[in-house]
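Novice: this is a predicted model, with the sequence first.
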Amino acid sequence: MYLLKNSFRYSRFVSIIFRLVTFSINSLRRSRFVALLSFTAEKIIDIYSISGLRRFVNGLFYPARLWGFVDRLNSRLNFNLLKPDRIFILAYASFLLVSSYTISMKALVFLLVTLVFFVLGFTLARRVSFTKADFESTSLKAGVLLYLFSLLCLMLDIYYVREIPLLEPIARKKLSVLLTYTSTFIVLAGLMIASYIAWEYYNGRRNRSDARVKVFALALTTTFLVTLLGFRTQTLVSLLGFTFVMYRYALIGNFEIISAMASGLLAISALGAYRAIRIGYALGISHVIGKRVGVTLSIYNYIVNNLFYVSHFSGYNVLLTGVYHGRIAISTFSSFLSFIPGPSLGPRTIVAREFGVTGVTLTSTLLGPVSLDLGLIGSILFLFILGVIIGLAFKNSIATASPLATAFFSILFAYLLVGIETGLVDFNVFVLFSVSLFISIAYLAEGRKR
C-alpha cells in the first residue's frame with residue numbers, strides 16, 4: 001500500500017501526466033471559448049427560471065403529497081445502499097439465479113476467482129486519498145457542450161436512416177457507427193449537468209424540490225432520446241446512472257433506488273419483448289430476461305469449458321493465456337479505427353464466428369470475450385483493473401463530492417452492471433473508463449499542488 005501511494009509521488013510518467021493535466025486545466029480557464037460556453041450554459045439553464053414554466057414543471061414532476069409520503073418511507077429505510085463492490089457481486093449472483101441455464105462448476109469457479117480480484121482492486125483503490133479541486137464550473141460547461149453535440153449527432157444518425165430504430169429494430173443495422181457512438185455520450189453529458197444541479201442542492205445553494213424537478217426532467221429527456229436508438233444497454237445505463245447521481249447527493253433515498261432498479265429491469269424486458277414481437281417472435285416480458293440471460297451464460301459456459309478441455313490435451317497454457325492472445329482486445333480499436341492494425345471484426349462478432357454464427361453478434365457475459373482472448377490470467381487482470389478504476393472513481397466522488405467525479409462514477413458503474421450481460425468491449429466504453437482514470441489522476445495532481 002505504501003508503494004501504491006508513493007508511486008503517484010515519485011513516478012516520472014505520472015509527473016508528466018500531472019503537468020499535462022495542469023496545463024490543460026489552466027488553458028481551459030483562460031479560453032474565450034469556455035467563457036462563451038459558460039454564457040450559453042447559463043442561458044439554457046436559466047430558461048427554467050421563468051415563473052410560469054417553473055410552476056408547470058413543478059406541478060408535473062413534484063407533487064408535494066407524493067414526495068412527502070416517499071420521504072417518510074425513506075426515513076424508515078435509513079441505510080447506505082451505495083456500496084459498489086457488494087452491489088456488483090449481488091448483481092452477478094442475481095444474474096446467475098434468474099437464468100434459464102445453469103453453468104458448470106468449472107465456469108463457476110473461474111468466475112469466482114476473477115470476482116475476488118475485482119474486490120481486491122476496488123479495496124486497494126479506495127485507500128488512495130483525494131482532495132477537493134475546483135472543476136465544478138468546468139464540468140457544467142463541458143456537460144452542456146457535450147449534450148448539444150451528442151444531440152446533434154443523434155439527430156443526424158436518425159435522419160440518415162430515415163427511420164426510428166426504437167420502432168423499427170431492423171433500422172439499427174443502418175446506423176452510422178461513428179454517429180451512434182458519439183450519440184451515446186449524451187448520457188454522460190446529462191449526468192454531468194444533473195450532478196452539478198444535485199451538487200448545488202447538496203451544498204445548500206438550491207432547494208430540494210427545485211433540484212429534484214430539474215434532475216428528473218433531465219433524466220427523462222435524456223433516457224427518451226438515447227432510447228430512440230433502440231439499444232437496451234443505453235436505456236438501462238441512463239436509468240441507472242441518473243439513479244446513482246440522485247442517490248449520491250441525497251435527492252432520492254432507498255425507496256426510489258430500489259424502485260428505479262425494478263423499473264429499469266421491467267423497461268429493458270419490455271423493450272426486448274417489443275423487439276421480439278416486431279421481428280416475428282412471440283415472447284412475453286417474463287421470458288425475455290431468463291432466456292436472454294440463459295443464452296448469454298451458455299456461451300460463456302462453453303468458452304470456459306472448452307478452455308479446460310483443450311488444456312487437458314495441450315497443456316494449461318491455453319487455460320491460463322487464452323486462444324487469441326490479445327487479438328480480441330485489439331479488435332475493440334481496430335474494428336472502429338481502420339488505421340489501427342488488427343481484426344476488422346468487433347469482439348462480439350469474433351465470439352459469434354467462434355460458434356459458426358454469421359450476420360449477428362453474440363454476447364457472452366462480462367468474462368466471455370476476455371477469457372477466450374486472454375484466459376484466466378487475462379480475466380483476473382481485467383477484473384482487477386476494473387476494480388481499481390471503479391474504486392478510484394467512487395472514492396473521488398465520496399471524498400470530494402465533485403459533480404464531475406460523481407458523473408463519471410455513475411456512468412462507469414452503470415456500464416459495469418449492464419456489462420455483466422453485454423460485456424465491456426465497445427470503443428466508447430473504453431473511452432469512458434480511460435477518461436475516468438485520467439480525471440482521477442487530475443484530482444490527484446490538483447491535490448498534490450496544495
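Specialist: Received, thanks.
Novice: helices along the stretch 51-200 of the chain, start to end?
Specialist: 51-61, 64-76, 84-98, 105-125, 136-161, 177-183, 185-202 (DSSP state H, counting those that start in this stretch).
Novice: highest mean neighbour count out of those?
Specialist: Greatest average neighbour count among the helices of the stretch 51-200 of the chain goes to helix 185-202 (a mean of 26), per mean count of other C-beta atoms under 10 Å. Backbone N, C-alpha and C define where each C-beta goes, glycine included.
Novice: next, the angle from that helix to helix 136-161.
Specialist: Here helix 185-202 runs at an angle of 150 degrees relative to helix 136-161 (axes from the mean of the first three to the mean of the last three C-alpha atoms, to 10 degrees).
Novice: distance from the chain centre to helix 185-202, please.
Specialist: With C-alpha atoms, centre = their mean, to the nearest Å as the basis, helix 185-202 stands 14 Å off its chain's centre.
Novice: show me what counts as buried in whichever helix or strand comes after that helix.
Specialist: Remark: after helix 185-202, the chain's next helix or strand is helix 208-227, criterion DSSP states H and E. Residues of helix 208-227 classed as buried: 208, 210-216, 218-219, 222-223, 225-227 (neighbour count, 16 or more other C-beta atoms under 10 Å).
Novice: still on that earlier bit, could I get the helices of the stretch 51-200 of the chain as CSV with distance to Arg348?
Specialist: Below are those laid out as CSV (distance: least, C-beta to C-beta, whole Å):
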stretch, distance to Arg348
helix 51-61, 38
helix 64-76, 40
helix 84-98, 18
helix 105-125, 19
helix 136-161, 20
helix 177-183, 13
helix 185-202, 20
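Novice: nearest to Ile340, out of the ones you listed?
Specialist: helix 177-183 (14.4 Å; C-beta to C-beta).
Novice: show me what that closest one is packed against.
Specialist: Helices and strands touching helix 177-183, by 3 or more C-beta pairs under 8 Å, 6 or more residues apart in numbering; DSSP states H and E, are helix 136-161.
Novice: where does the prediction get shaky in this protein?
Specialist: For the chain, applying pLDDT under 70 flags the ranges 1-67, 69, 74, 77, 79, 133-135, 137, 260-261, 264-288, 446-450.
Novice: what's the longest helix in it?
Specialist: In the chain, taking DSSP state H as the definition, the longest helix is helix 368-400.
Novice: by how many degrees do it and helix 185-202 diverge?
Specialist: 20 degrees.
Novice: run the chain-centre distance for helix 368-400.
Specialist: Using C-alpha atoms, centre = their mean, the offset of helix 368-400 from its chain centre is 13 Å.
Novice: buried residues in that helix?
Specialist: Buried, per 16+ other C-beta under 10 Å, within helix 368-400: 368-376, 378-380, 382-384, 386-400.
Novice: residues contacting Val418?
Specialist: Going by C-beta atoms under 8 Å, 6 or more residues apart in numbering, Val418 touches 233, 236-237, 240.
Novice: which element is the residue of the chain most remote from its centre on?
Specialist: When each C-alpha in the chain is compared with the mean C-alpha position (C-alpha atoms, centre = their mean), Phe313 comes out farthest, at 39.6 Å. Assigned by DSSP H and E, Phe313 belongs to helix 285-314.
Novice: and the angle for that helix with helix 105-125?
Specialist: 100 degrees.
Novice: C-terminal to helix 285-314, what's the next element?
Specialist: Counting by DSSP H and E, what follows helix 285-314 is helix 317-321.
Novice: which residues does that following helix contact?
Specialist: 307-308, 310-311, 374-378.
Novice: redo that, cut-off 10 Å
Specialist: Applying C-beta atoms under 10 Å, 6 or more residues apart in numbering, the external contacts of helix 317-321 come out as 106, 110, 304, 306-312, 371, 373-378, 380.
Novice: thinking again about what came up before, quick one: closest of the helices of the stretch 51-200 of the chain to Pro341.
Specialist: Here helix 177-183 is closest among those (C-beta to C-beta), at 18.7 Å.
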